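Chemist: prediction below, plus the sequence it came from.
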Amino acid sequence: MFKISKKPKKQKPKVDEEFDSYKDYEPDGRDLAAYLRSEEEFMKENPNYDPEDHYISIQTDIALGK
């Protein structure tokens, strides 16, 4: 008969509650409005921005070791 050994479960690292900046965070409409406003301003300044092209260029740089 074979002996079945139990592997210990991986434990998640504990988050230090004293330094957890999201502990009491409650999102509100102002955060979303600020995000959308900054996104809109960015797109006005950069009308030819293509997120897909940007991602591909980042992946190419990673592959080339830059």
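Modeler: Perfect, thanks for sending it. As the structure is a prediction and not an experimental result, all values here were calculated from the model. Residues are numbered from 1 along each chain as shown.
Chemist: how distant is the helix-or-strand element of the chain with minimal mean pLDDT from the center of its chain?
Modeler: Least confident helix or strand of the chain, by mean pLDDT, DSSP states H and E, is helix 29-45 with a mean of 90. On the basis of C-alpha atoms, centre = their mean, to the nearest Å, helix 29-45 sits 18 Å off its chain's mean C-alpha point.
Chemist: for stretch 19-36, same thing?
Modeler: 15 Å.
Chemist: and it, how far apart are its ends?
Modeler: End-to-end distance for stretch 19-36: 28 Å, by C-alpha to C-alpha, to the nearest Å.
Chemist: same question for that stretch: list its buried residues.
Modeler: Buried positions in stretch 19-36, judged by neighbour count with 16 or more other C-beta atoms under 10 Å: none. Glycine gets a C-beta too; all of them are placed from N, C-alpha and C.
Chemist: rewinding a little: and the next element down the chain from the least confident helix or strand of the chain?
Modeler: Sequence-wise, the next helix or strand downstream of helix 29-45 (DSSP states H and E) is helix 51-64.
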